[in-house]
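K.L.:
Requesting a structural model of the entry that follows:
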Amino acid sequence: MATSTKDPFLLALGERVRLLRARRGLTRKSVAKASGVSERHLANLEYGVGNASILVLQQVAGALDCDLAELVGDVSTSSPEWLMLRESLRGKSDADLRRARIAVSQLFGKGAVDPARGRRIALIGLRGAGKSTLGRLLADALELPFVELSREIERIAGCSIREIHDLYGTNAYRRYERRALDEVVRLHADAVIATPGGIVAEPATFDALLGHCTTVWLQASAEEHMARVAAQGDTRPMAQSREAMADLRRILAGRAAFYAKADATFDTSGRSEAESFAGLLALAGDLLGRASSPSPARPAASGNRKQTAASA
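P.N.:
All right, here's what the predicted structure looks like:
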C-alpha cells in the first residue's frame, strides 16, 4: 500500500506506538512477546497499515505500560508536560481533583471568585425537575429577575432550540449556550436562573456556571421527570422510544456526578408545587444569606446543603 493512501489516523497511531516503544527502550520483538501480538501484526500497526482491533490495542498498551488513551492519542498525550500532569493526578480522589481544578483555574486567571456569585442562584437538573416553575416563584419571592437560559439561547440564535440542533448541530447549540450564560452573568448581578438540563454536557460551560452562581440541583425520580414532561403536553419521549424510561435513567445516572457538584440539592419527589416551593425558598434564603418569609404552614425544608468553595 502506498504511503499516500494510508489513513492519517492509522499513521499517527503507528507513530505513537513507535515513540512509546522507543521512550521505554523496548524492541518490537519484546513488545510483541509481552502483548501476545505477532511481531508482523505489530509492524503493520507501527507503519499504519494494520487496522488493529480495540483488544489488540489494549494488549499493546499493556505491553508498553501506558493507558489506551495515550496510545490512541488524546489531548493529555500531546506533550511531556501534559503526561506529567496526568500522572500527578492519577488515583486522586474527586475532592482532590476538584481542588486541583480550582487551583489551576486561579493560576491562569479564570478562577477568580465572582463577587456576585452569592447573589445569583441557578437551578440545575433534568427536564421536569421544576426549574422553570419553581424558579419563577422563587424569583418573585426574593424580588429578583428570573432568567430562563433556554429562552436566552433562542433569542441569541434567532430560532428555537430544536431548530438550532436541526440546522446547525449540537456543537453550535453548545456555543450559543455558553454565549447566553456569559451574557446573563454580565447583565445580572442578582438573578434566579433556570438552566437547560444538558448544561453539564459541556464541562467548561458548567464550570463557568459554578463559578458565577450559587447552584441548587433540583432532583426528582425518573418516573416523576417523565410524568411532569408528559403533563406539560410533550409525549415525544414516550412516543419515540419504548425504552424511554431506561434511557432517562441512563441520562440521569450519567449526569448525576456533575449535578452533584451543586452547592445544594433539593428533592422535589412526592411533593406538591406549594411544598416544593416552600422548601426551596427556605433553602435559597439560607444559601443567599437572606431571610425568607414563608407562610406559617411551610413544611421543614429537606434540602441538602453542602459547604463548598466558590467554584464548587
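K.L.:
Tell me where the model's unsure across the stretch 1-150 of the chain.
P.N.:
By pLDDT under 70, the low-scoring segments of the stretch 1-150 of the chain are 1-5, 109-113.
K.L.:
go with 50
P.N.:
1-3 (pLDDT under 50).
K.L.:
One more: the stretch 151-300 of the chain?
P.N.:
237-239, 291-300.
K.L.:
Show me where the stretch 101-250 of the chain has its strands.
P.N.:
Along the stretch 101-250 of the chain, counting by DSSP state E, counting those that start in this stretch, strands occupy 120-124, 146-148, 191-194, 214-219.
K.L.:
quick one: contacts of the second one?
P.N.:
Going back to what we said before, that points to strand 146-148. The contact list for strand 146-148, computed with C-beta atoms under 8 Å, 6 or more residues apart in numbering, reads 132, 135-136, 138-140, 184, 188, 191-194. C-betas here are computed from N, CA, C, even on glycine.
K.L.:
With neighbour count and distance to residue 211 added, can I get the residues you listed in CSV?
P.N.:
CSV is the format used below for the contacts of strand 146-148 (neighbours: other C-beta atoms under 10 Å; distance: C-beta to C-beta, whole Å):
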residue, neighbour count, distance to residue 211
132, 16, 23
135, 25, 20
136, 15, 25
138, 24, 21
139, 20, 21
140, 11, 26
184, 22, 13
188, 19, 15
191, 21, 15
192, 28, 17
193, 27, 13
194, 25, 18
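K.L.:
Quick check: of the residues you listed, which lies closest to residue 223?
P.N.:
Nearest to residue 223 out of these is residue 132 (C-beta to C-beta; 19.7 Å).
K.L.:
How about that closest one: what's its closest non-neighbour residue?
P.N.:
Nearest non-adjacent residue to residue 132, counting by C-beta to C-beta, 6 or more residues apart in numbering: residue 194, 4.9 Å away.
K.L.:
okay if I get the contacts of strand 146-148 as JSON lines plus distance to residue 244?
P.N.:
Listed next are the contacts of strand 146-148 as JSON lines, based on distance: C-beta to C-beta, whole Å:
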{"residue": "132", "distance to residue 244": "21"}
{"residue": "135", "distance to residue 244": "25"}
{"residue": "136", "distance to residue 244": "27"}
{"residue": "138", "distance to residue 244": "29"}
{"residue": "139", "distance to residue 244": "31"}
{"residue": "140", "distance to residue 244": "33"}
{"residue": "184", "distance to residue 244": "31"}
{"residue": "188", "distance to residue 244": "35"}
{"residue": "191", "distance to residue 244": "33"}
{"residue": "192", "distance to residue 244": "30"}
{"residue": "193", "distance to residue 244": "28"}
{"residue": "194", "distance to residue 244": "23"}
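K.L.:
Would you check which pair of the residues you listed lies furthest apart?
P.N.:
140 and 184 (18.2 Å).
K.L.:
ok so, going back, turn the strands of the stretch 101-250 of the chain into CSV, columns for distance to residue 277.
P.N.:
Below are the strands of the stretch 101-250 of the chain laid out as CSV (distance: least, C-beta to C-beta, whole Å):
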stretch, distance to residue 277
strand 120-124, 12
strand 146-148, 13
strand 191-194, 12
strand 214-219, 11
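K.L.:
Out of the contacts of strand 146-148, the closest to residue 278 would be?
P.N.:
Of the contacts of strand 146-148, the one sitting nearest to residue 278 (C-beta to C-beta) turns out to be residue 138, at 10.6 Å.
K.L.:
got a list of what the closest residue in space to that closest one that isn't next to it in sequence touches?
P.N.:
Using C-beta to C-beta, 6+ apart and skipping residues adjacent in sequence, the residue nearest residue 138 is residue 192, 5.2 Å away. When contacts are counted by C-beta under 8 Å, 6+ apart, residue 192 touches 120-123, 135-136, 138-139, 142, 144-147, 284.
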